[in-house]
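In: Model the structure of this input:
(chains A and B)
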Amino acid sequence: MENNIRLLLNNISVVYSDVIQVLKGVSLTVKKGQIVSLLGSNGAGKTTTLKAVSGLLKPENGKVTEGSIEYDGSPVQNSSPEEITRKGIIQVLEGRQEFKYLTVEENLRVGTATRWGKPYKKDLEMVYHYFPALLARKGNLAGYCSGGELQMLVMGRGLMAQPKLLLLDEPSLGLAPLLVKEIFQIIRRVNNELGTTLMLVEQNANMALQIAHYGYVMENGKIVMESDAEDLRENPDVKEFYLGTAATGTLKSYKDVKSYKRRKRWL
Amino acid sequence: MEFFLQLLVNGLSLGFLYAVSALGFVMIFKSSSVLNFAHGELLAIGAFMFLVLSAWAKLPIILAFAITMIGSFALGFVVERLFLRPLIGEALIEVIMLTVGLAIMFKGIMLFIFGGDIHDYPKFLPEGLSMEWGAIQIPSVYVATFVIGILFLIIFGLFFKYSSQGIYMRSVADNQPAALSLGVHVKRVFALSWAIAALVCAMSGIVLGIINGVNVHELSSIGLKVFPVVILGGLDSIGGAIIGGVIIGLLETFTGGYISTSLREVIPYIVLVIILMVRPYGLFGLVEIERV
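Out: Next up, the predicted model:
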């Protein structure tokens, strides 16, 4: 049972610049081979949670002040991103942080930084297999690619590192609904076929809960709800606040929304 | 016409020399946005390292050259490790002031050891290397400069374009947080760019030493010439540094040849001022790719 757990966050607090507390005791578990999604409104601390895991808090002057993060049984909190990525945790940043002046293929090659000098041809083929759109543009500068291509590019770049745990921050941001569907299908295939464990931060709760096995809901730096993805999908509060549908499953009319009357139950 | 061709060749080889040394400057700027004011001193250190090994220790020239290259590469690493790494995360102006400090320190140490005199390398370039072409005579040092300059530029061009380490270095210059998220060793990239900078500086320092003699003041002031070169070419463009170097080299020799030798030293800085007024990002400075 114990060794079934890929990632364990144990009551962590994160403070930026020694004063701004963003996470207030977050605990969560990601089992091997699962897709776990983390939902919540803007500023709830989802991205910070991911950055605490990947070590990217450090350059932003953030720190895990309490609690522990265990990855495959060993503590990784406050390690440098260089160490953490070499253990197999790769975060795909929010907002498609491509390398503008590198070609698509060069972008993908940066993904091999954790295992410099090892062969990477097979991984390139694998990425082009999942994202055929990239193959056609491999010689182009990434700065001139479309939003959808860039999302595929940054995800493919993450996969080049052969991650055991891939952290995806808002992969659907600013994409057309059809593309979102495609991206999520690919995420599910990666999880199925490569066995990569995934942690998914999303605003698009509907999509996220369709492919996830388990979900957490965050509010104000705390986990306020957790359950199997299916149960979360059926939960009336999640339905109203994140899925945008009323209990009956129909879209609520704006005039019926009386948010002041109905408080979020878990607060 | 012969005079023109002679100047052209001299200018081109001087230009390649500037280009090679500017390469080091641009690399540091690209990867860490630091303007290196100790550039000229790195040049001088390389030249003196070679002087000590070739003239004083009397090592074979090839060996002395190889040791100088390795030594200056290591020096770049050490400088980054000792002086620049503790300042990562501090304001950029502090880091730039640090390089000014480094420049003064290096120059002081070199003056202390070698004095302000002009030293000479032993003659080692074979006369057979010089070329005669009708009435045009190209001294062997210019031929050597030409060849070495182009060789270095090709090697570094291939390194940045195709090698993994070169691609990681470019990724850091492009988007540091993203490079960090993929596990690129950003500090190692900084160190490597300082090491390569010191190496190419040493290379140009040696060649300048062969042409003009080895002198602390002169070599470190030639380091200043990197500013017109890189500002003309665009601070963040390696290709621009090469073309900027060639243009400045040609301008210098032609001004020296046709107008006056005293104007020769000033012309790069006149260009610098004009470029800053009309095209502050240089000829090949990156124009932001913007998504609309």
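
In: near chain B, which residues of the stretch 101-250 of chain A show up?
Out: Within reach of chain B by Cβ under 8 Å from any Cβ of the partner chain, the stretch 101-250 of chain A has these residues: A:101-102, A:106-107, A:109-114, A:116-117, A:141, A:143-144, A:154, A:157-158, A:161. C-beta: built from backbone N, CA, C; applies to glycine.

In: Filter these down to the buried ones, PyMOL style.
Out: In PyMOL syntax, the buried subset of these is picked out as below (16 or more other Cβ atoms under 10 Å in any protein chain shown):
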select buried, chain A and resi 101+102+106+107+109+110+111+112+113+114+141+143+154+157+158+161
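
In: Run through who's touching stretch B:193-202.
Out: With Cβ atoms under 8 Å, 6 or more residues apart in numbering or on different chains as the test, stretch B:193-202 has contacts from B:20-21, B:23-25, B:27-28, B:30-32, B:36, B:39, B:42-43, B:45-47, B:49-50, B:68-69, B:71-77, B:79-80, B:84, B:152, B:156, B:169, B:223.

In: among the residues of the stretch 101-250 of chain A next to chain B, which are in helices?
Out: A:106-107, A:109-110, A:154, A:157-158 (DSSP state H).

In: A:Gly25 against A:Thr65, yeah?
Out: No. With contacts counted by Cβ atoms under 8 Å, A:Gly25 stays clear of A:Thr65, the gap being 10.8 Å.

In: Give the residues shared as contacts by these two.
Out: Contact with both A:Gly25 and A:Thr65 is made by residues A:Ser13, according to Cβ under 8 Å, 6+ apart.

In: ok, now how distant is the closest residue to chain B within the stretch 1-150 of chain A from A:Thr112?
Out: In the stretch 1-150 of chain A, the residue found nearest to chain B is A:Thr85; the distance is 2.9 Å by Cβ to the nearest Cβ. Taking Cβ to Cβ, to the nearest Å as the criterion, A:Thr85 is separated from A:Thr112 by 11 Å.

In: Now for those two: what residues contact both?
Out: Between them, A:Thr85 and A:Thr112 share the contacting residues A:Ala161, judged by Cβ under 8 Å, 6+ apart.

In: For the stretch 51-200 of chain A, which segments are assigned as helices?
Out: Taking DSSP state H, counting those that start in this stretch as the criterion, the stretch 51-200 of chain A contains helices spanning A:81-87, A:104-110, A:121-130, A:132-136, A:147-160, A:177-194.

In: Those into a markdown table, with extra columns for mean pLDDT?
Out: Listed next are the helices of the stretch 51-200 of chain A as a markdown table, based on pLDDT from 0 to 100:
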| stretch | mean pLDDT |
| --- | --- |
| helix A:81-87 | 93 |
| helix A:104-110 | 95 |
| helix A:121-130 | 94 |
| helix A:132-136 | 93 |
| helix A:147-160 | 94 |
| helix A:177-194 | 93 |
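
In: For A:Ile211, find the nearest of the ones you listed.
Out: Distances from A:Ile211 to each of those were compared using Cβ to Cβ; the minimum, 4.7 Å, belongs to helix A:177-194.

In: in chain B, which helix or strand is least confident?
Out: Taking mean pLDDT, DSSP states H and E as the measure, the helices and strands of chain B show their lowest mean at strand B:131-133, namely a mean of 73.

In: How far off centre is that strand?
Out: On the basis of Cα atoms, centre = their mean, to the nearest Å, strand B:131-133 sits 28 Å off its chain's mean C-alpha point.

In: Secondary structure class of A:Met218, three-state.
Out: Following DSSP: H, G, I helix; E, B strand; the rest coil, A:Met218 is assigned to strand.

In: For it, give its distance to chain B.
Out: As judged by Cβ to the nearest Cβ, to the nearest Å, A:Met218 and chain B stand 21 Å apart.

In: For that residue, list the residues it contacts.
Out: Contact partners of A:Met218, counting by Cβ under 8 Å, 6+ apart, are A:26, A:38-40, A:44-46, A:49, A:224.

In: Among these, which ones are in strands?
Out: Taking DSSP state E, the ones among the contacts of A:Met218 that sit in strands are A:26, A:38-40, A:224.

In: and the two most separated of those residues?
Out: Taking Cβ to Cβ as the measure, those have their most distant pair in A:Val26 and A:Leu39, spaced 13.4 Å apart.

In: buried stuff in stretch B:117-128?
Out: Of the residues in stretch B:117-128, those with enough neighbours to count as buried (16+ other Cβ under 10 Å) are B:119, B:121.

In: what's the closest non-adjacent residue to the residue of chain B found nearest chain A?
Out: With Cβ to the nearest Cβ, the shortest gap between chain B and chain A falls at B:Gly183, namely 2.9 Å. If the residues on either side of it in the chain are set aside, B:Gly183 comes closest to A:Thr85, at 2.9 Å by Cβ to Cβ, 6 or more residues apart in numbering or on different chains.
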